[in-house]
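[1] task: produce atomic coordinates for the following.
(one chain, ligands or ions: 1)
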Amino acid sequence: AKVYLNGEILDAADARISVFDRGFIFGDGIYEVMARIRGRFFYREAHMERLRTCLEKIDISLDVSSLETEILTLLSASGLEEADCLLYIQVTRGVAPRQHSYPAGIQPTVMMYAWPKTLPDINHTPVAVVLQKDFRWSRCDIKMTSLLGNVMANEFAKSHNCYETVFERDGIITEASHSNVFFVKNDVVHTHPANHLILDGITRQVVLELCKSLSIEVQLQGIPASQILEMDEAFLTGTSTQITPISTVDGKTVYPESMGPVTRRLQEAFLELKF
Ligand code: PDD
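    Down below sits the predicted model:
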């Protein structure tokens, strides 16, 4: 596989990063994952804008627009110009002797790679999830590479034969380990507001736009964990998750085993998107 590293395209085996890179030492960096579908990136501008704002939040200075041509060079070097693929972008603060505060005058480390991946397009098979207390920090709006909390939570899901762990914080459902969570009750769509407690997923934003264009009412309000059994439908959203219905929570099948009508409408509209 080919890797883009600080201006060069390299074989992955030849790409070298210092052990003093702050991404390695502290998880001090930001990342993005973007899907390329039928020759186009899915909402590229929104992903690049989130990368820009997340870098700004942690004071890493980088001209994100300079990556645009580098991305195309990487795709062609990887032989993926025509292929459906996923692109990973990571920017860390750079290399410096270990100190907690931001060192002055260092260059960010920029790494990108892409790999072939055809998304299911639409996921008709509902998944099982488990609930867990959200033990992560309270800046989940930052798409940072320090993902240990998310990694532990996803492992918890796997050990319960589930696709996802859905987080609850102070009794309210926030998001999942690598996706956002939506509920439907009486044809109203509910999801947690985009504040510091969740990542404002691009797929989440797209689904909220779809609700608007389909005249589906939305309430940006976290659902109390005590009420999730009363909801009519639930689904997850994310770059590789797209829109995936949930059927089972903590081993109890609470939502339609095929797919609820509102989830289905959103899925159908999602397929028609021009991006
Ligand atoms: N995960 N919430 C969390 C915690 C996430 O990590 C992600 C994405 C999302 C959904 O965001 P988007 O729709 O922009 O992909 C929500 C990525 C894909 C990952 O870590 O691989």
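[2] how about the residues of the protein by the ligand?
    Along the chain, the residues adjacent to the ligand under the rule Cβ under 6 Å from any ligand atom are 33, 150, 175, 178-180, 199, 201-204, 237-240. C-beta here means a position set from N, CA and C on the backbone, and glycine is covered the same way.
[3] now the buried members of those.
    33, 150, 175, 178-180, 199, 201-204, 237-239 (16 or more other Cβ atoms under 10 Å).
[4] residue of this protein closest to the ligand, please.
    When you check the chain against the ligand by Cβ to the nearest ligand atom, the closest residue turns out to be Gly201, at 2.8 Å.
[5] hang on, the earlier thing: okay, and which of the buried ones among the residues of the chain next to the ligand map to strands?
    The strands, defined by DSSP state E, take in Val33, Glu175, Asn180, Thr237, Gly238 from those.
[6] shouldn't Ser177 be in contact with Lys158?
    No. With the criterion set as Cβ atoms under 8 Å, Ser177 and Lys158 do not qualify as a contacting pair; they are 10.0 Å apart.
[7] between those two, which is the more surrounded one?
    Neighbours per residue (other Cβ atoms under 10 Å) separate Ser177 from Lys158, with Ser177 holding more: 25 against 14.
[8] check the more buried one and give its pLDDT.
    At Ser177, the model reports a pLDDT of 98.
[9] if I pick it, what's in contact with it?
    Contacts for Ser177 (Cβ atoms under 8 Å, 6 or more residues apart in numbering) come out as Asn150, Val151, Ala153, Asn154, Ala157, Glu164, Thr165, Phe167.
[10] need the contact partners of the helix-or-strand element of the chain with minimal mean pLDDT.
    In the chain, the helix or strand scored least confidently by mean pLDDT, DSSP states H and E is strand 252-253, which has a mean of 92. Taking Cβ under 8 Å, 6+ apart as the criterion, the residues outside strand 252-253 that touch it are Leu229, Ser247.
[11] if we use 10 Å, what do you get?
    Contacts of strand 252-253 with the rest of the structure, by Cβ atoms under 10 Å, 6 or more residues apart in numbering, involve Pro126, Ala128, Leu229, Ile246, Ser247.
[12] now rank the residues you listed by neighbours and give me the top one.
    Of all the contacts of strand 252-253, the highest neighbour tally under other Cβ under 10 Å goes to Ile246, namely 30 neighbours.
[13] which parts of the stretch 1-150 of the chain are strands?
    Along the stretch 1-150 of the chain, the stretches classed as strands by DSSP state E, counting those that start in this stretch are 2-5, 8-11, 29-37, 40-41, 85-92, 109-116, 127-133.
[14] reformat those into CSV and put mean pLDDT next to each item.
    Conversion of these to CSV gives the following (pLDDT from 0 to 100):
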stretch, mean pLDDT
strand 2-5, 98
strand 8-11, 98
strand 29-37, 97
strand 40-41, 96
strand 85-92, 98
strand 109-116, 98
strand 127-133, 98
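[15] what about the spatially closest residue to Leu75 that is not a sequence neighbour, distance to Ser65?
    Nearest in space to Leu75, with sequence neighbours left out and distances taken as Cβ to Cβ, 6 or more residues apart in numbering, is Glu81 at 5.2 Å. With distances defined as Cβ to Cβ, to the nearest Å, the gap from Glu81 to Ser65 amounts to 21 Å.
[16] tell me which of those two has more neighbours.
    A direct count of neighbours by other Cβ under 10 Å for Glu81 and Ser65 places Glu81 higher, at 12 against 9.
[17] can I see the domain layout of this protein?
    2-116, 127-271 (automatic domain parsing).
[18] any idea how far apart the tips of the first one sit?
    Taking Cα to Cα, to the nearest Å as the measure, domain 2-116 stretches 12 Å from start to finish.
[19] now the longest one
    With Cα to Cα as the measure, domain 127-271 spans 20 Å from end to end.
[20] run the chain-centre distance for it.
    Distance of domain 127-271 from the chain centroid (Cα atoms, centre = their mean, to the nearest Å) equals 12 Å.
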